[in-house]
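Trainee: please work out how this folds:
(2 chains)
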Amino acid sequence: KNQVEQSPQSLIILEGKNCTLQCNYTVSPFSNLRWYKQDTGRGPVSLTIMTFSENTKSNGRYTATLDADTKQSSLHITASQLSDSASYICVVQRTGRRALTFGSGTRLQVQP
Amino acid sequence: GAVVSQHPSRVICKSGTSVKIECRSLDFQATTMFWYRQFPKQSLMLMATSNEGSKATYEQGVEKDKFLINHASLTLSTLTVTSAHPEDSSFYICSAYTGGRSHEQYFGPGTRLTVT
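Mentor: Numbers count the residues shown, from 1 in each chain, chains lettered A, B, ... in the order given. Prediction:
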């Protein structure tokens, strides 16, 4: 079954600290993996998108990694800010399909 | 990046009425748009895939007669919730597919529907 699983489900960190979110997937055949940030009551915003041949991609303080062999990805947030408080969703796309498979998300709360 | 808008952002309607939600790609043409539903503290659930000029493809368990989708142009798709019930209250999000090699989908800001 094509699934995307994320951990932890929720996370609380102090402002300025780093954190890493995890994503495991069984989606096949694999086309690409995306990380989205979703603020409460808003639509998701793309952070990174990686294809099979890419194993790391950065977007400012966000760095995503991909291990296509073990089907794992991580999103590392450096020097967290209060505005980083949001849900972070890992999404995988299958080859030949436009529809996306969503993880359940990690709810991150950054406290002052 | 590309911009996708939704209108209205919030709507409250009475049970039994119909509500139309618009999704527009503002600076690109989208041959495919997707409609999602999201319950509190849950991730997005795909409802249907909307292709310009053809009938929408609905996911299993989604009633096509209740959630009418029209993709009349390359920049506009509409979702009409017919005979709304309180259990239809949810956050509805659309996304537009840009095509090409970018694989990118851009999401709208969402529409909060409350049925009283």
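
Trainee: for residue B:58, see how far away the residue lying closest to residue B:59 once chain neighbours are set aside is.
Mentor: Sequence neighbours aside, residue B:46 is the residue nearest to residue B:59 in space, at 5.3 Å (criterion: Cβ to Cβ, 6 or more residues apart in numbering or on different chains). No exception for glycine: its C-beta is placed from N, CA and C like everyone else's. Distance of residue B:46 to residue B:58, computed by Cβ to Cβ, to the nearest Å: 9 Å.

Trainee: so what's the residue nearest to residue B:59 up against?
Mentor: Neighbour list for residue B:46: A:99, A:100, B:34, B:35, B:36, B:59 [criterion: Cβ atoms under 8 Å, 6 or more residues apart in numbering or on different chains].

Trainee: likewise for residue B:70?
Mentor: B:50, B:77, B:78, B:80 are the contacts of residue B:70 under Cβ under 8 Å, 6+ apart.

Trainee: and it, helix, strand or coil?
Mentor: When states are read from DSSP: H, G, I helix; E, B strand; the rest coil, the local structure at residue B:70 comes out as strand.

Trainee: report the beta-bridge partners for it.
Mentor: Residue B:70 has these beta-bridge partners by DSSP bridges: residue B:78.

Trainee: rewinding a little: now name the helix or strand holding the residue nearest to residue B:59.
Mentor: Using DSSP states H and E, residue B:46 maps to strand B:45-51.

Trainee: quick check, residue A:106 in contact with residue A:7.
Mentor: Yes. The criterion here is Cβ atoms under 8 Å, and residue A:106 meets it with residue A:7 at 7.2 Å.

Trainee: those two: which has the busier surroundings?
Mentor: Set residue A:106 next to residue A:7 and count neighbours by other Cβ atoms under 10 Å in any protein chain shown: residue A:106 wins out with 21 against 13.

Trainee: what's that one in contact with, if anything?
Mentor: Residue A:106 is in contact with A:6, A:7, A:8, A:9, A:10, A:11, A:21, A:87, A:88, counting by Cβ under 8 Å, 6+ apart.

Trainee: which ones among these are found in strands?
Mentor: With DSSP state E as the criterion, strands contain A:6, A:7, A:10, A:11, A:21, A:87, A:88 from among these.

Trainee: how about the contacts made by the third one?
Mentor: This points to residue A:10. The neighbourhood of residue A:10, defined by Cβ under 8 Å, 6+ apart, consists of A:106, A:107, A:108, A:109.

Trainee: from those residues, pick the one nearest chain B.
Mentor: residue A:107 (7.4 Å; Cβ to the nearest Cβ).

Trainee: what's the closest non-adjacent residue to residue B:5?
Mentor: The shortest distance from residue B:5 to any residue other than its chain neighbours is 4.9 Å, reached at residue B:24 (Cβ to Cβ, 6+ apart).

Trainee: for whichever strand or helix holds that neighbour, buried residues please.
Mentor: The secondary structure element spanning residue B:24 is strand B:19-25 (assigned by DSSP H and E). Applying a neighbour-count criterion of 16 or more other Cβ atoms under 10 Å in any protein chain shown, the buried positions in strand B:19-25 are B:19, B:21, B:22, B:23, B:24, B:25.

Trainee: closest to chain A out of these?
Mentor: Among these, residue B:23 lies closest to chain A (Cβ to the nearest Cβ), at 10.3 Å.
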